[in-house]
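[1] Okay, structure incoming, though there's no sequence with it:
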């Protein structure tokens, strides 16, 4: 069953351009009421440039000083071309702090990418919607030394390759980025007309995902919601996909609903100069409902931990939930709660994987609302499940409730106090 967000009305705007792109304007689903919302950003400390037109926005990118803020007034900004930030410690943000009030729209742009970050560090993009983009909504050009990026409280909508994309940069890895409290939402699966490069002869209409990072070190991806990011045939990429010699990243407290893939650590394709795709990762407390290509897939990883996930995908057509492929030495899967198919070891190191206290026979009655991806535990789950020892890598649950007494329920949600549905 695919998630159908509550939509009060539809207003479709049909605009056809050179590649036959068709932007839609259906209402974006609300942030889940049970999931913590983004804390507000502090007020700007450096110089502020206020903008209210597209021309002022592009001029501000040229004029802003290091440490400055470009503050955007409420409005729908039809972007004519690619927009780029190249100055250190700049914040691009809405004046209101509400991403629904400032829309950067790529429907009429002459370029396939919309917002870029190049040759700078400490950039924050916050409180805006980026929508209707053929290729990449936010492009991190880390091959030109981009560090300490923050993407915060944004809506990234109807993007037909990647919502956030970084590129291969083995000589200059990108350190300490953060992607948090964003909503990634495509209102329908990808079609051939969305992307002229994705054809029957290339990717079959399935070259689409939300976050795709390469050469990432120390990144944290947390408290994001992903809805409906899917390819033409249901074989799209992961909501979170990290590869190419990435290290020490944390992926936690995200909610994935009706996306083709959940969390992909690595890729079967591994160039000769890459030993492992992901090393020292921790993925914890994520909820994943219906991901046909797999909720969590590990390919060419080392010393990675996958703990306290809740996965609901009883009808998965490939029989996948957590899956290890190729080589994954030092892999640990602990205290995960799965309604669907058991963990699969298709792996030369499968006999060395540590699999502890995973529950693989969960039922829908244990969860608050499987259709909406709300996989908090119900009273029925509390009665049926036996707590297990706390995993050191996951000391608190998806809502920040501490697992303080030495034991914890399996899955992302610790049903104690007021944290239950």
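    Yep, that arrived. Keep in mind that what you see is a predicted model, and the values were worked out from it rather than measured.

[2] For the rest of this, base every contact and every neighbour count on C-alpha atoms.
    OK.

[3] Pull the distance from stretch 37-53 to the chain's centre.
    Offset of stretch 37-53 from its chain centre (C-alpha atoms, centre = their mean, to the nearest Å): 24 Å.

[4] ok, now stretch 333-340?
    Mean C-alpha position of stretch 333-340 versus that of the full chain (C-alpha atoms, centre = their mean) differs by 20 Å.

[5] distance between the ends of that stretch?
    Its start and end residues considered, stretch 333-340 measures 16 Å (C-alpha to C-alpha, to the nearest Å).

[6] same deal with stretch 101-112?
    23 Å.

[7] same deal with stretch 223-237?
    Start-to-end, stretch 223-237 (C-alpha to C-alpha) is 20 Å.

[8] And for residue 290, nearest residue in space, chain neighbours not counted?
    Nearest non-adjacent residue to residue 290, counting by C-alpha to C-alpha, 6 or more residues apart in numbering: residue 313, 4.7 Å away.

[9] Could you report the separation of that neighbour from residue 176?
    Distance of residue 313 to residue 176, given as C-alpha to C-alpha: 32 Å.

[10] Return the helix or strand in the chain with minimum mean pLDDT.
    Ranking every helix and strand in the chain by mean pLDDT, DSSP states H and E puts strand 344-347 at the bottom, with a mean of 87.

[11] Show me the strands paired with the helix or strand just after that strand, marking each as parallel or antiparallel.
    Using DSSP states H and E, the next helix or strand after strand 344-347 towards the C-terminus is strand 354-356. Partners of strand 354-356 in the sheet, by DSSP bridges, are strand 332-334 (parallel).

[12] what does the strand it pairs with rub up against?
    Strand 332-334 is contacted by residues 303-308, 353-358, 391 when judged by C-alpha atoms under 8 Å, 6 or more residues apart in numbering.

[13] Can you tell me which of those residues is nearest residue 62?
    Minimum distance to residue 62 across the contacts of strand 332-334 is 41.6 Å, recorded for residue 304 (C-alpha to C-alpha).

[14] Quick check: the closest one touching residue 279?
    Yes. Between residue 304 and residue 279 there is a contact under C-alpha atoms under 8 Å: 6.2 Å.

[15] By residue count, what's the longest helix in this structure?
    Criterion DSSP state H: the longest helix present in the chain is helix 54-63.

[16] can you pull the buried residues of it?
    Counting neighbours by 16 or more other C-alpha atoms under 10 Å, one finds that the buried residues in helix 54-63 are 54, 57-58, 60-61.

[17] Quick check: what element follows it along the chain?
    The first helix or strand that comes after helix 54-63 along the chain, using DSSP H and E, is strand 69-72.
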